[in-house]
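Novice: this one's sequence-less:
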């Protein structure tokens, strides 16, 4: 606090009030030794590396939100987690989590599972450890059960669904954005667990295919290989 007040030439009370607000908003985090960057600030580094992907997907996410009335998301795998690169909020007053830059266990989200289903079982196990984290009582708890769910996703043509497994009372349907080298990202819509997601599923799948095709067209002979490398 003293260093911040000295560098900014603000009164200590004013600097403290601003720091408390930045901690509340997750731009900073308070530690016993002082302050450090919070989750939202650290997420900016992750978001900046996917500019082409976000720009390509953005208008299609808007259209998906408009047609479904649900929150539309774009996310990528980062180890065992999903990082949400973009979100177009729901049309309803209640906008479900997560936020842009937020993270969630990949196995607990439809978006994460849609991408995991495009990997080999060995690649999945290299990212995750058994037993699996369980954000809610509905979350799949071990790798054997996760592999069974990933097989079901493959049989559904890549569509992944979950209800209340990552965020309580939130349901989600997702499909992966792919390139010849492998999965790039996931597209999803989410809403309350009472939402009828079956109606949105074909639109999600179509959006993921359109983003995949657009990226392949822009990338030329080696479609989106630079984007796939960021997920390795």
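Specialist: Sure thing, it's come through. Here the structure is a predicted model, which is why all the values come from computation and not from measurement.
Novice: separation between the residue nearest the centre of the chain and residue 21?
Specialist: In the chain, the residue lying closest to the centroid (C-alpha atoms, centre = their mean) is residue 84, at 3.0 Å. According to C-beta to C-beta, to the nearest Å, residue 84 and residue 21 sit 23 Å apart. Yep, even glycine has a C-beta here, placed from its N, CA and C like the rest.
Novice: Let me see the mean pLDDT of the strand or helix carrying residue 18.
Specialist: Assigned by DSSP states H and E, residue 18 belongs to helix 12-24. The average pLDDT within helix 12-24 is 93.
Novice: Would you mind pulling up the elements that that helix packs against?
Specialist: helix 2-8, strand 28-31 (3 or more C-beta pairs under 8 Å, 6 or more residues apart in numbering; DSSP states H and E).
Novice: which one of these lies closest to residue 146?
Specialist: strand 28-31 (30.7 Å; C-beta to C-beta).
Novice: ok, residues contacting that closest one?
Specialist: 19, 22, 23, 35, 36, 37, 38, 39, 41 (C-beta atoms under 8 Å, 6 or more residues apart in numbering).
Novice: doesn't residue 38 make contact with the third one?
Specialist: Yes: between residue 23 and residue 38 there is a contact at 6.9 Å, judged by C-beta atoms under 8 Å.
Novice: Tell me how many other residues crowd residue 187.
Specialist: Other residues near residue 187 come to 30 when the count uses other C-beta atoms under 10 Å.
Novice: Give the bridge partners for it, please.
Specialist: For residue 187, the beta-bridge partners are residue 74, residue 175 (DSSP bridges).
Novice: contacting residues around it?
Specialist: 57, 60-61, 64, 72-74, 111, 174-177, 204, 207-208, 211.
Novice: cool, residue 129 as well?
Specialist: Residue 129 neighbours (C-beta under 8 Å, 6+ apart): residue 80.
Novice: How much space separates it from residue 89?
Specialist: 33 Å.
Novice: for the helix holding residue 18, which positions count as buried?
Specialist: By neighbour count on 16 or more other C-beta atoms under 10 Å, the buried set for helix 12-24 is 15, 19, 22.
Novice: Give me the neighbour count for the nearest residue to the first one once chain neighbours are set aside.
Specialist: Here the nearest residue to residue 15 in space, its sequence neighbours aside, is residue 5; by C-beta to C-beta, 6 or more residues apart in numbering that works out to 4.2 Å. A count of nearby residues for residue 5, using other C-beta under 10 Å, gives 17.
Novice: Tell me the one of the contacts of strand 28-31 nearest residue 160?
Specialist: For the contacts of strand 28-31, the nearest to residue 160 is residue 39 (24.9 Å; C-beta to C-beta).
Novice: Give me the pLDDT for the closest one.
Specialist: So, for residue 39, pLDDT stands at 67.
Novice: Does residue 143 touch residue 122 like I think?
Specialist: No: using C-beta under 8 Å, residue 143 and residue 122 do not qualify as a contacting pair, with a distance of 11.5 Å.
Novice: where along this protein do the strands fall?
Specialist: 28-31, 34-37, 71-78, 81-88, 103-105, 160-163, 170-179, 182-192 (DSSP state E).
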